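Asks: need coordinates for the following:
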Amino acid sequence: MLATSERSPYSILITDDDVSCRESLREIIEADGFRALTAASGEEAIEIVRDAPVHLALLDLHMPTLSGLETMQIVRQYNAMMPCIIITADTSEGVVRQAFRARAYSVIPKPVSKQVLLYTVLRALLRVYGIRPEKRETNGG
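Replies: Residues are numbered from 1 along each chain as shown. Take a look at the predicted model:
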């Protein structure tokens, strides 16, 4: 895992129209030392990416107006390298295939597992930005 000082330069955009889900994700991301930016809609996410440095986006698939996949296509016009992770309760084969065709880094099922979320975020940052996660000792769990 990355030391907190190595994580803090990375900004993670969390986009979900469900406020409780958005806040839960924010708490996980910030507790692990990342800077969290939140958006309640695809349109708000696009404004944030246009105006601030964002290194990774977590996008709810089903949102009003713009879906997570539509939002991903637009934010990539501002930052083509940025990894985007789709979060959804619908992890059917068709949805997953559609996400990967759109070049999503990963699809994470809801309810979101803290361990899966952090592992996926760290792997995406490693792949795109070349960071080297430090090994962290585990306490049997």
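
Asks: low-confidence ranges in this protein?
Replies: Per-residue confidence of the chain (counting by pLDDT under 70) places the weak regions at 1-6, 131-141.

Asks: give me the nearest residue to residue 67, chain neighbours excluded.
Replies: residue 61 (6.1 Å; C-beta to C-beta, 6 or more residues apart in numbering). C-beta: built from backbone N, CA, C; applies to glycine.

Asks: so how far is residue 123 from that neighbour?
Replies: Using C-beta to C-beta, to the nearest Å, residue 61 is found at 20 Å from residue 123.

Asks: quick one: which of those two has more around it?
Replies: Looking at residue 61 and residue 123 with other C-beta atoms under 10 Å, you find the greater number of neighbours at residue 61, namely 22 against 15.

Asks: roughly how far apart are that one and residue 86?
Replies: 5 Å.

Asks: anything in contact with each of these two?
Replies: Shared between the contact lists of residue 61 and residue 86 (criterion: C-beta atoms under 8 Å, 6 or more residues apart in numbering) are residues 68-69, 99.

Asks: most neighbours among the residues you listed, which one?
Replies: residue 68 (27 neighbours).

Asks: isn't that one right next to residue 59, touching?
Replies: Yes - counting by C-beta atoms under 8 Å, a contact exists between residue 68 and residue 59, whose distance comes to 3.6 Å.

Asks: perfect, that will be all.
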